[in-house]
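Trainee: Pasting a predicted model and its sequence here:
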Amino acid sequence: MSTKGSEETCQWQKQGAVHVSREGVVATVSLENTEKLNALSVWMWIELARVVHALSQDLTLRCVVLRGAGQSAFAAGADIAEFASVRQTREQGMIYHQEYVSGALKALAQCPHPVVAMIYGPCVGGGLELASQCDLRLAATSARFGVPINRLGFSIALDELTSVLPIVGETNLRELLLEGRVWDAAEAFDKGLVCKVVPDDQLAQVVSDCVRRIVEGAPLVARWHKKMIRRLSSPVKPIGEKDRQASFDYFDTQDFILGYEAFMKKQKPQFQGR
Amino acid sequence: MSTKGSEETCQWQKQGAVHVSREGVVATVSLENTEKLNALSVWMWIELARVVHALSQDLTLRCVVLRGAGQSAFAAGADIAEFASVRQTREQGMIYHQEYVSGALKALAQCPHPVVAMIYGPCVGGGLELASQCDLRLAATSARFGVPINRLGFSIALDELTSVLPIVGETNLRELLLEGRVWDAAEAFDKGLVCKVVPDDQLAQVVSDCVRRIVEGAPLVARWHKKMIRRLSSPVKPIGEKDRQASFDYFDTQDFILGYEAFMKKQKPQFQGR
Amino acid sequence: MSTKGSEETCQWQKQGAVHVSREGVVATVSLENTEKLNALSVWMWIELARVVHALSQDLTLRCVVLRGAGQSAFAAGADIAEFASVRQTREQGMIYHQEYVSGALKALAQCPHPVVAMIYGPCVGGGLELASQCDLRLAATSARFGVPINRLGFSIALDELTSVLPIVGETNLRELLLEGRVWDAAEAFDKGLVCKVVPDDQLAQVVSDCVRRIVEGAPLVARWHKKMIRRLSSPVKPIGEKDRQASFDYFDTQDFILGYEAFMKKQKPQFQGR
């Protein structure tokens, strides 16, 4: 089944799913893309934004848990196999990032409820961007973190960088983006990316304890705290359209095509710098 | 003995004390509220502001140490038993936070001398806010850190959040405020809240060594360094009266009353979200 | 050989050197001042700015490594022996810091290529300022970090503070500047100053692996990432001439002269606070 994207330029399939379950005052949102380590398809970005907006309206909730389906992965980045049809041109890329990805990131950032990320396995690229918009990040020993897009020949969208920079920190982002190395859970803890790391078989209990502490608190207080921190942390320098446009210059390069092709063929890309 | 507060709305007693001792170029300020783990009364907030302002005028000083009296606690937050008479209405709350608490925090932040926090035991709520306005934080293994006010049904005052945010950091504050969990000294060090953690019986020596290094330096240089860092770190986005007002909305909730009552009765509050 | 500085006020000698070697797409820049632990002379600051500007123009490069010559030191601060002739007056000091030091720091900060600092031994004062303008900092166990200028009777230049503050962090800078203590490599890692610490005999391999990961990435992507982070992190509050002037007030103090003399005589300075 095919659905037309914004302005009819972005053709995507309904791949993967975003599940919501609810137990009392706690909602759990699961990212699922079977056999792809929960890589995020366009459909999943759209669904996630929709789901989180709905939960944000429900003021009977006191906490949201965001996780990957199963215990193998949080989300292994974007579903890159889909790029050929949904993100090959600058026009598509702007819709993909500014509507789909940023739509979900902003929905999470603006969610009035505390959001806890529960992280097994890969939490990479768009997965790390999502986790960074949660309030707390609790990780299993198996968790892995990175933004290895220098291997793919494209740069991070400016709005995504703007979202993650105050949380991940400038020095961490320089290291993650320039080296493209994936960090294990211990390194992520040392560098402040996660609140806690525990053995995989203890993560469910640790998340449950954390959620319990959150829901035992006054829910309005939690919402005010989130609102105040957002207010104080909001960027003061307006980011213009020119800056935003510049973050998509990679669509005009050969390395962008080359990186994508190498990834699909499981080859090592030989970038040319043009 | 009762003294009238500003605009005659805030009735407080002279409970607790702030002591100052001096040895050479070093002043030590001790927070004392016996049998309450040095919890901070209105009188202590007022006294602390007064004392620090006086020390700030004394340019023969080279260093100030801020500590709790004894070796059991830095300061276990506000003296909550006092709230019934001094902080039950929005009008009282605004005076309490904007005059008394912020008065002491700003006095510390603007103190021209290096200020070292010496921390045994609980350093919680207002205690953590005070410690965060010091330049260095040296902790004993017994130290504990947190802002568990979600259990009390009220949110942090915006001016207090503004003071502590650049020091404690956004990710730490989200975790501390939303979960309300109290951290041990090792976790506080891992997350950058303190400069150093040592066994309790070594803290006096470690503070003494640190103070010696500070007073051996050129005092004007220390003052310039503090002044420059303040200048570069000052918030650029003016915070308006509306934002400030919104941080007191909790006075209009039932959970605020409920939280206070439960605390006084040593019961677990069952918050209602209204 | 003597060369006249800007406006003929700053007389410096060609002491020390900055070497550049190149292997494929990687340039290595070495700071060398033999027998002074690579302390940075005026000539070296000027040379470093010149060399980095040249490398910045060369878009065939993919990575730059900045290191001290040999394996004993990155750079042990400014070459203080030189101060008597090049940095004794306020006028000289402004040229020294705003032209020479800031010139090199800005050249590094604006270098479009990823820059990796490779750090053995002392990385102190101006050395730490240089390292902070690199994108990644990889350290040997022998590395040492500090800004012990409170012992020298002068404060950091405001433009240098502005450069290092967002990278080193406000809490770290307060501790480093006020205490003047030198940190070992483990403490520097704990406090986020360096990305990694390894035994001295493994640093060459670890840097080589890191550089390989960087050069295997798309070079334009690396440049865009650096450019975007710079754009988002640029200071929003304009720093005026008055602020800048105030950072040189130490030239009018006796402690400044005293600190310098004590350093040259290897005596402990007894500062007077005037």
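Mentor: Received it, and whenever you're ready, just let me know what you need. Numbers count the residues shown, from 1 in each chain, chains lettered A, B, ... in the order given.
Trainee: ok, and the helix or strand in chain A with the lowest average confidence?
Mentor: Ranking every helix and strand in chain A by mean pLDDT, DSSP states H and E puts strand A:2-4 at the bottom, with a mean of 42.
Trainee: List the buried residues in the following helix or strand past that strand.
Mentor: Moving toward the C-terminus from strand A:2-4, the next helix or strand (DSSP states H and E) is strand A:11-13. Residues of strand A:11-13 classed as buried by neighbour count (16 or more other Cβ atoms under 10 Å in any protein chain shown): residue A:12. Using the backbone N, CA and C atoms, a C-beta is placed for each residue, glycine as well.
Trainee: any idea how far residue C:265 is from residue A:20?
Mentor: As judged by Cβ to Cβ, to the nearest Å, residue A:20 and residue C:265 stand 73 Å apart.
Trainee: and the helix or strand hosting residue A:229, what other elements does it pack with?
Mentor: In the assignment (DSSP H and E), residue A:229 maps to helix A:219-233. Applying 3 or more Cβ pairs under 8 Å, 6 or more residues apart in numbering or on different chains; DSSP states H and E, we find helix A:219-233 packed against helix B:158-168, helix B:170-179, helix B:241-246.
Trainee: quick one: residue A:28 is in a strand?
Mentor: Yes - Residue A:28 forms part of a strand when assessed by DSSP: H, G, I helix; E, B strand; the rest coil.
Trainee: thought residue A:134 was touching residue A:119?
Mentor: No - applying Cβ atoms under 8 Å as the test, residue A:134 and residue A:119 come out as separate, 9.4 Å apart.
Trainee: Neighbour count: these two, which is higher?
Mentor: More crowded of residue A:134 and residue A:119, by other Cβ atoms under 10 Å in any protein chain shown: residue A:119, with 32 against 22.
Trainee: ok, now which ones touch residue A:85?
Mentor: Contact analysis of residue A:85 by Cβ atoms under 8 Å, 6 or more residues apart in numbering or on different chains lists A:11, A:12, A:13.
Trainee: Nearest to chain C among those residues?
Mentor: For these, the minimum distance to chain C (Cβ to the nearest Cβ) is 24.3 Å, reached by residue A:12.
Trainee: Now that closest one. Nearest residue, chain neighbours left out?
Mentor: In this structure, residue A:12 finds its nearest non-sequential neighbour in residue A:42, 3.9 Å apart by Cβ to Cβ, 6 or more residues apart in numbering or on different chains.
Trainee: Just give me the neighbour total for that neighbour.
Mentor: Neighbours of residue A:42 (other Cβ under 10 Å): 28.
Trainee: so how far is chain C from it?
Mentor: Note on residue A:42: its distance to chain C, by Cβ to the nearest Cβ, to the nearest Å, is 22 Å.
Trainee: per-residue confidence at the spatially closest residue to residue A:39 that is not a sequence neighbour?
Mentor: Of all residues not flanking residue A:39 in the chain, residue A:79 sits nearest, at 4.1 Å (Cβ to Cβ, 6+ apart). You'll see residue A:79 listed with a pLDDT of 90.
Trainee: Pretty sure residue A:221 sits against residue B:255.
Mentor: Yes - Residue A:221 lies in contact with residue B:255 (Cβ under 8 Å); the separation is 7.5 Å.
Trainee: Now do the shared contacts for those two.
Mentor: Counting by Cβ under 8 Å, 6+ apart, the shared contacts of residue A:221 and residue B:255 are residue B:153.
Trainee: Have a look at the two and say which one is more surrounded.
Mentor: A direct count of neighbours by other Cβ under 10 Å for residue A:221 and residue B:255 places residue A:221 higher, at 28 against 24.
Trainee: In contact with that one, which residues?
Mentor: Applying Cβ under 8 Å, 6+ apart to residue A:221 gives the contacts B:149, B:150, B:153, B:154, B:155, B:250, B:255.
Trainee: Who wins on neighbours among those?
Mentor: Ranked by the number of neighbours (other Cβ under 10 Å), the contacts of residue A:221 place residue B:150 first, at 30 neighbours.
Trainee: distance of it from chain A?
Mentor: In this view, residue B:150 and chain A are 3 Å apart by Cβ to the nearest Cβ.
Trainee: these two touch, right, that residue and residue B:181?
Mentor: No - here residue B:150 lies out of contact with residue B:181, judged by Cβ under 8 Å, at a distance of 9.9 Å.
Trainee: Number of residues surrounding the closest residue to residue A:171 other than its chain neighbours?
Mentor: Among residues not flanking residue A:171 along the chain, residue C:167 sits closest, at 6.0 Å (Cβ to Cβ, 6+ apart). By other Cβ under 10 Å, 23 other residues sit near residue C:167.
Trainee: Spell out which residues of the stretch 51-200 of chain A are next to chain B.
Mentor: Counting by Cβ under 8 Å from any Cβ of the partner chain, the residues of the stretch 51-200 of chain A close to chain B are A:59, A:60, A:62, A:114, A:135, A:136, A:166, A:167, A:189, A:190, A:192, A:195.
Trainee: would a markdown table of those residues with secondary structure and pLDDT be doable?
Mentor: Converted to a markdown table, those look like this (DSSP: H, G, I helix; E, B strand; the rest coil; pLDDT from 0 to 100):
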| residue | secondary structure | pLDDT |
| --- | --- | --- |
| A:59 | coil | 90 |
| A:60 | coil | 92 |
| A:62 | coil | 94 |
| A:114 | coil | 97 |
| A:135 | coil | 98 |
| A:136 | strand | 98 |
| A:166 | helix | 88 |
| A:167 | helix | 91 |
| A:189 | helix | 98 |
| A:190 | helix | 97 |
| A:192 | coil | 97 |
| A:195 | coil | 98 |
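Trainee: farthest-separated two in those residues?
Mentor: A:60 and A:190 (38.2 Å; Cβ to Cβ).
Trainee: Among the two, which residue is more densely surrounded?
Mentor: Counted by other Cβ under 10 Å, residue A:60 and residue A:190 do not tie: residue A:190 has more neighbours, with 17 against 10.
Trainee: Correct me if wrong: that one contacts residue C:186.
Mentor: No - using Cβ under 8 Å, residue A:190 is not in contact with residue C:186, being 11.4 Å away.
Trainee: Quick check: residue A:215 touching residue A:25?
Mentor: Yes - assessed by Cβ under 8 Å, residue A:215 is found in contact with residue A:25 at 5.4 Å.
Trainee: Can you check which residues contact both of the two?
Mentor: Residues touching both residue A:215 and residue A:25 (Cβ under 8 Å, 6+ apart) are A:62, A:63.
Trainee: So if I had to pick from the two, which one is more boxed in?
Mentor: Legend: neighbour count by other Cβ under 10 Å for residue A:215 and residue A:25, higher for residue A:215 (19 against 16).
Trainee: re earlier: quick check: the residue nearest to residue A:171 touching residue A:173?
Mentor: No - counting by Cβ under 8 Å, residue C:167 does not reach residue A:173; the two are 11.6 Å apart.
Trainee: Please list all residues in contact with the residue of the stretch 151-274 of chain A found nearest chain B.
Mentor: Nearest residue of the stretch 151-274 of chain A to chain B (Cβ to the nearest Cβ) works out as residue A:217 at 2.9 Å. By Cβ under 8 Å, 6+ apart, residue A:217 lies in contact with B:150, B:151, B:178, B:179, B:180, B:271.
Trainee: Now for these: which two are most distant?
Mentor: Farthest-apart pair in these is B:179 and B:271; separation 14.9 Å (Cβ to Cβ).
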